[in-house]
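Colleague: Next comes the sequence, and after it the predicted model I'd like to discuss.
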Amino acid sequence: MKKLKQKLGDCTAYLYIAPTAVLMLIFIVYSLFSSIGISLTQWKGMGEKTFIGLNNYFELLKDATFWSSLKIQFIWVIMSVVLLAVGGLILSLVVEFFIHRKLIPAVRTIFFMPMMISLVAVGILWALIYNPMIGLLNEVIENLGLLKKGQVLDLLGNNSTALYAAFIPAFWQWSGFGMVIFSAAIQGIPNDVIEAARVDGCSILGRLRYIILPLLRPTIAMVCTLNLIGGFKCFDLLFTMTKGGPGIATQSTTIYIYKEMFVNGNYGYSAAMAIILFIVTVFFSLFFFQVTRRFEN
Amino acid sequence: MNKKPVPIVLAQILFMFFIVALIIITLYPFCWMFLNSFKSNSEVFRNPLSLPGKWNFNIFLSAWNTYSIGTAFRNSLKITVVVVIINLFSSSLAAFATSHLNFKGKTVFLSFCIGCQVVSVQTLLTSLFSLLKDINMYNTHMGLILVLTAFSLPMSVYLFHGFFKGVPKDLYESSKIDACSNRQYYIKILLPLSKPIISTVIIFQAMNTWNEFLMSMTFLRNSKLWTIPPLLNNIFSGRSQNYGMQFAALSITVLPILLLYVFLQKYFIKGLTAGAVKG
């Protein structure tokens, strides 16, 4: 018994981690393997699962809709990585450097407010804003005189603009997130460093470029990585706003996975797609992480 | 005294406009949503931008009843509270072990907790569906609670572990000298010290569970079991052009959280950015 205790360490620890470990093992680890298993079958959601080997994967390689969905997913990820970080950075710089000290908490509260509502609510609200008949956007543009009478702007109904229009609410909501993280990082920069630069005659833009931004690099890298992972998971916003439409113009892989499962009843095919997306996500996350790590040094 | 050159004053004024514009863009969607809830449907069509002519409060009651918003609120509350409680209990115990005790497999377990955060819901949607059906928990609240809890555990363990590691080791050592058991140390010393991280984890997990959409929609077939996100999605998915009711439903579901936010901003901001903010 003593040898066992020496080998395993404090055995009571296993009791402490038991509830967590059990739940995670069943619903995450086992599920992952089960998902791979289902991807090798044809299944309609009930009844028998028919083993068909790698057929689903071969079908996916030939599926134009799948490739289109991947392209859309990647565009969304790139927008998430770049734009959300830029938005957060701008907001945090504005709050930390250009607002009167006493007003900072109020302004920060305002910019963070969009984070309080669910992605579903954001999606619905902005779909209403974009609505060509009653939407806020149309009214504003009409009042600015940019539209002729009878003309409407239907950004979400237009194949070429839908995806980018759909990203704006994400930008509206998640810039607040980046703002808080960057603000915390900026507050960590010792004041003397910035003061020294100012005394040396460095302009505002100069201080920004040569002192603040380089010091923020690790934080920028982390925010971008978080947004990368989040971008591959996106579903709620796009689904509630456009359901993948018009046509399949905004049908990301995440939405296609859902549709194949619930609308078309091809559970095996859907699982195969999900596994591929997972592998792609892990690959790019690791790749991005390595690139930013090297960039920092 | 040096007078500031005109270009700089100009830049400052433009900048102020820029900031005010940002604030308006951030807040106006909320205002627009609330104002439009009061309008009758025809008014919404005629002038979306104006203030409501008649303040129609009845529409809120109407939306509440028509869409069974009360039921969804109750469901969301029940699921969120249960998930958060199980989560707190489970993850804090596990993090106590990983931060204070030594055991084989500790690093593996911790790595799992970090790695599992990358796994998305989609990857496991079909297999979870199959699993829940096999254990007869599909289309039940309990099934959803188990799945949501499992997914929320990795992050909580990570957060608690980080905090517990920061607690001075001598506290634990001296408690052991005083013949204090692990359990007593955990309950009487560690937990009281952990109030900040507990509130952070509560807010983080409560918000994530309350707003969770994909799993709630997929695993709850019966509309009476729906939480708020699937309900909202359903309201909006219909072909109905009754925009007044839709605005009202949105407002009702958004308002409680916003009110909480106004009073507890600091906690929400800390809670929602947990794990990402350094220090």
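Modeller: Received it, and whenever you're ready, just let me know what you need.

Colleague: Please count neighbours and contacts with C-alpha atoms only from this point.
Modeller: OK.

Colleague: Can you show me the helices along chain B?
Modeller: Along chain B, counting by DSSP state H, helices occupy B:6-38, B:41-46, B:58-66, B:69-100, B:106-115, B:121-134, B:141-165, B:169-177, B:182-184, B:191-193, B:195-210, B:214-219, B:228-237, B:243-272.

Colleague: what do you get for the stretch 1-150 of chain A?
Modeller: When assigned using DSSP state H, counting those that start in this stretch, the helices of the stretch 1-150 of chain A occupy the ranges A:2-8, A:12-24, A:31-39, A:55-62, A:64-98, A:104-112, A:119-130, A:136-143.

Colleague: so does the fourth one get close to chain B?
Modeller: No - using CA under 8 Å from any CA of the partner chain, helix A:55-62 never reaches chain B; the gap is at least 14.3 Å.

Colleague: again, but for the third one
Modeller: Yes - interface with chain B: helix A:31-39 contributes A:31, A:32, A:34, A:35, A:38 (CA under 8 Å from any CA).

Colleague: Same list, those residues, but as a markdown table with pLDDT please.
Modeller: Converted to a markdown table, the residues of helix A:31-39 next to chain B look like this (pLDDT from 0 to 100):
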| residue | pLDDT |
| --- | --- |
| A:31 | 95 |
| A:32 | 94 |
| A:34 | 94 |
| A:35 | 94 |
| A:38 | 94 |
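
Colleague: With neighbour count as added columns, please give these in JSON lines.
Modeller: JSON lines is the format used below for the residues of helix A:31-39 next to chain B (neighbours: other CA atoms under 10 Å in any protein chain shown):
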{"residue": "A:31", "neighbour count": "22"}
{"residue": "A:32", "neighbour count": "21"}
{"residue": "A:34", "neighbour count": "19"}
{"residue": "A:35", "neighbour count": "25"}
{"residue": "A:38", "neighbour count": "25"}
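
Colleague: residues in contact with residue A:138?
Modeller: By CA atoms under 8 Å, 6 or more residues apart in numbering or on different chains, the contact list for residue A:138 reads A:130, A:131, A:132, A:152, A:153.

Colleague: out of those, which are inside strands?
Modeller: Among the contacts of residue A:138, none falls in strands (DSSP state E).

Colleague: quick one: which of those is nearest residue A:212?
Modeller: residue A:130 (37.2 Å; CA to CA).

Colleague: And residue A:49, how close does it get to chain B?
Modeller: Separation of residue A:49 from chain B (CA to the nearest CA, to the nearest Å): 10 Å.

Colleague: Now for that residue, how many residues are close by?
Modeller: Other residues near residue A:49 number 16, with proximity taken as other CA atoms under 10 Å in any protein chain shown.

Colleague: same check, this time on residue A:144
Modeller: Close neighbours of residue A:144, defined as other CA under 10 Å, add up to 9.

Colleague: What score does it have for pLDDT?
Modeller: Here, the pLDDT recorded for residue A:144 equals 79.

Colleague: Low-confidence stretches in chain B?
Modeller: B:1-5, B:40-54, B:239, B:278-279 (pLDDT under 70).

Colleague: go on, the stretch 51-200 of chain A?
Modeller: Using pLDDT under 70, the stretch 51-200 of chain A drops low at A:147-151.

Colleague: interface residues of it facing chain B?
Modeller: So the stretch 51-200 of chain A meets chain B at A:94, A:107, A:109-114, A:116-121, A:124-125, A:129, A:133-136, A:139-140, A:172, A:177, A:180-181, A:184-185 (CA under 8 Å from any CA).

Colleague: Drop anything exposed from the residues you listed.
Modeller: The neighbour count (16 or more other CA atoms under 10 Å in any protein chain shown) marks A:94, A:107, A:109-114, A:116-121, A:124-125, A:129, A:133-136, A:139, A:172, A:177, A:180-181, A:184-185 as buried among those.

Colleague: For the residue in the stretch 151-297 of chain A positioned nearest to chain B, which non-adjacent residue is spatially closest?
Modeller: Closest approach of the stretch 151-297 of chain A to chain B (CA to the nearest CA) occurs at residue A:274, with a separation of 4.6 Å. Using CA to CA, 6 or more residues apart in numbering or on different chains and skipping residues adjacent in sequence, the residue nearest residue A:274 is residue B:123, 4.6 Å away.

Colleague: just residue A:51 next, same as before
Modeller: residue A:41 (4.2 Å).

Colleague: And residue A:136, by the same measure?
Modeller: Per CA to CA, 6+ apart, closest to residue A:136 is residue A:129, 4.7 Å.

Colleague: which ones are touching the one you found?
Modeller: Applying CA under 8 Å, 6+ apart, we find residue A:129 in contact with A:135, A:136, A:137, B:29.

Colleague: Tell me how many other residues crowd the third one.
Modeller: Same thing as residue A:137. For residue A:137, using other CA under 10 Å, the count is 22.
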